[in-house]
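Novice: Here is my input; please provide its structure:
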Amino acid sequence: MSKNQQRRALVASLIGNSIEWFDYFLYGTAASLVFGKLFFPKSDPTVGLLLSYLTFAIPFFIRPLGGIIFSHIGDKIGRKKTLVLTLMLMGGSTVLIGLLPTYESWGLAAPVLLITLRVIQGLGIGGEWGGALLLAVENSDKKKRGLFGSVPQMGVPIGMLMGTAAMSIMTAVTDDKEFLSWGWRVPFVLSMILVVIGLWIRGGIDESPVFEETKQKGEISKLPIADTFKYHWKEVLLATGMKVVETAPFYILTTFVITYATGNLKLDKTGVLNAVTIASLVTTILIPLMGRWADKHGRKPMYIWGTLFMLLFVFPYFWLLNLGTIFSVTVATIIGLGVIWAPITAVLGTLYSEIFSTNVRYTGVTVGYQLGAALAGGTAPLIATYLLKQYNTWVAVAIYLAITCLISLFSILLVKETKHVELTNVGKNLGV
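Specialist: Presented below is the predicted three-dimensional model:
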């Protein structure tokens, strides 16, 4: 494959993934700041926030379904066409959320429509990540596979960076009443511009050469989901476990922290959003550096060290937060997200792609990823809010985070180092 094709595939995977996650994190930030008031206003404030976080969590349970649907298309027809469909679903539902009437205007129909659009988002994002990852990895050279696999992962902090920055700008240029009335809607509606750009870029790329080779050999799976669970069920379980530490701490560090810092610590919401924005920028820079390091030294060691450091940091993290200043929140978020979480997420996608064979790779990486996200991702802010209310101490939340680290640590210890494998021979020369 040409260097130009590699670059185009890498850019397409990064930009599309960034847009998808921008849409997703935009909702997470709005859920922390306004949705509890606008769509569940008759509830107790804490209950309203819990209901708002519940709508944030719902798509995580829909994502596996979306993953099964779109990964089936991706393993049967190709990565490129699937990624166009997922981007259209995410983009359209995000714009419509920005146009939704509130509970005050439409009553119960408002939260019902909000939940419906979140389900559609869940379907779209369920098929997006695996396709974006494989678009990059399957167009890479073996010696740069860790780097290429880390680049789509940059879409997560970039999307969050754009989402929190957009909300931060709107909170800065509007007062509380204006932000609650219309300010939060602006980023949702304007996201359509980004979607059009993403569709244009993805429309100009070629199909994955690894997939094309498998297709030419007549090795396309008739029913990828059945073959995945028949031949790769152990890998699916391990992938699910590895996802836990990459997703639960992430949503505590980026979503729950906004509510905790503005509600419990009474800090300025613009300052807290800026803290998350700065940490996202640091994370974006570090991820490809970690991916390159993994090409030299291996995926497994980096993942293990990241997980161990996350385990050791959960209590100091809350200690830093409870110093009660924007500076301490910023430092805590930069360390947790940028320094510790970055190496974990940088190698996760590459690890996934190297333990599944090509004919079920889209399905395998997607199912493992989305099951892990469903179990530990969207529920993290909800569980953390419940634990904080139930026990009235952050220690309960810290213990919860420590458990997620231990689950993933156990999972990675059962996985062999994968940097040496050929993508077209996975399943023939790799034992897990």
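
Novice: Would you map the helices across the stretch 51-200 of the chain?
Specialist: 79-98, 103-106, 109-137, 145-153, 155-173, 176-178, 185-202 (DSSP state H, counting those that start in this stretch).

Novice: Make TSV from those and add mean pLDDT, mean neighbour count and distance to residue 317 to it.
Specialist: Any C-beta I mention is one placed from the backbone N, CA and C, and that applies to glycine too. Formatted as TSV, the helices of the stretch 51-200 of the chain follow (pLDDT from 0 to 100; neighbours: other C-beta atoms under 10 Å; distance: least, C-beta to C-beta, whole Å):
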stretch	mean pLDDT	mean neighbour count	distance to residue 317
helix 79-98	88	22	30
helix 103-106	87	13	35
helix 109-137	87	24	26
helix 145-153	91	27	21
helix 155-173	85	23	18
helix 176-178	91	11	29
helix 185-202	89	17	28
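
Novice: which one of those helices lies closest to residue 250?
Specialist: When those are compared by C-beta to C-beta, helix 155-173 sits nearest residue 250, at 7.8 Å.

Novice: chain center to the closest one: distance?
Specialist: Distance of helix 155-173 from the chain centroid (C-alpha atoms, centre = their mean, to the nearest Å) equals 15 Å.

Novice: and that helix with helix 109-137, angle?
Specialist: 140 degrees (axes from the mean of the first three to the mean of the last three C-alpha atoms, to 10 degrees).

Novice: quick one: which of the helices of the stretch 51-200 of the chain is nearest residue 315?
Specialist: Closest to residue 315 of the helices of the stretch 51-200 of the chain is helix 155-173 (C-beta to C-beta; 24.0 Å).

Novice: what are the C-alpha coordinates of that closest one, in PDB please?
Specialist: Taking Å, rounded to 0.1, in the frame of the first residue of the first chain, the C-alpha atoms of helix 155-173 are listed here in PDB:
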ATOM      1  CA  GLY A 155     -10.300  11.000  18.800                       C
ATOM      2  CA  VAL A 156     -11.600  10.400  22.300                       C
ATOM      3  CA  PRO A 157      -9.700  13.300  24.000                       C
ATOM      4  CA  ILE A 158     -10.000  15.400  20.900                       C
ATOM      5  CA  GLY A 159     -13.700  14.900  20.800                       C
ATOM      6  CA  MET A 160     -13.900  15.700  24.500                       C
ATOM      7  CA  LEU A 161     -11.600  18.700  24.000                       C
ATOM      8  CA  MET A 162     -13.900  20.100  21.400                       C
ATOM      9  CA  GLY A 163     -17.000  19.200  23.500                       C
ATOM     10  CA  THR A 164     -15.900  20.700  26.800                       C
ATOM     11  CA  ALA A 165     -14.300  23.700  25.000                       C
ATOM     12  CA  ALA A 166     -17.600  24.400  23.200                       C
ATOM     13  CA  MET A 167     -19.500  24.200  26.400                       C
ATOM     14  CA  SER A 168     -16.900  26.300  28.200                       C
ATOM     15  CA  ILE A 169     -17.100  29.000  25.600                       C
ATOM     16  CA  MET A 170     -20.900  29.100  25.900                       C
ATOM     17  CA  THR A 171     -20.800  29.300  29.700                       C
ATOM     18  CA  ALA A 172     -18.300  32.200  29.400                       C
ATOM     19  CA  VAL A 173     -20.400  34.200  26.800                       C
END
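
Novice: where in the stretch 301-432 of the chain is pLDDT low?
Specialist: Along the stretch 301-432 of the chain, segments meeting pLDDT under 70 span 378, 424-432.

Novice: And the strands in it, which stretches?
Specialist: Assigned by DSSP state E, counting those that start in this stretch, the stretch 301-432 of the chain shows no strands.

Novice: the helices in it, which residues?
Specialist: For the stretch 301-432 of the chain, the helices defined by DSSP H, counting those that start in this stretch cover 326-333, 342-353, 361-376, 379-391, 395-413.

Novice: returning to what we had before: got CSV for the helices of the stretch 51-200 of the chain, with distance to residue 228 too?
Specialist: Formatted as CSV, the helices of the stretch 51-200 of the chain follow (distance: least, C-beta to C-beta, whole Å):
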stretch, distance to residue 228
helix 79-98, 16
helix 103-106, 42
helix 109-137, 12
helix 145-153, 20
helix 155-173, 24
helix 176-178, 49
helix 185-202, 25
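
Novice: wait, which of the ones you listed is closest to residue 253?
Specialist: Counting by C-beta to C-beta, residue 253 lies closest to helix 155-173 out of these; the figure is 10.0 Å.

Novice: could you give the angle of that closest one to helix 185-202?
Specialist: Note on geometry: by the same axes, to 10 degrees, helix 155-173 and helix 185-202 are set 150 degrees apart in direction.

Novice: What angle do helix 342-353 and helix 155-173 make with each other?
Specialist: Relative orientation of helix 155-173 versus helix 342-353 (the same axes, to 10 degrees): 140 degrees.

Novice: which secondary structure elements does helix 155-173 contact?
Specialist: If you count contacts as 3 or more C-beta pairs under 8 Å, 6 or more residues apart in numbering; DSSP states H and E, helix 155-173 packs onto helix 3-30, helix 185-202, helix 269-297.
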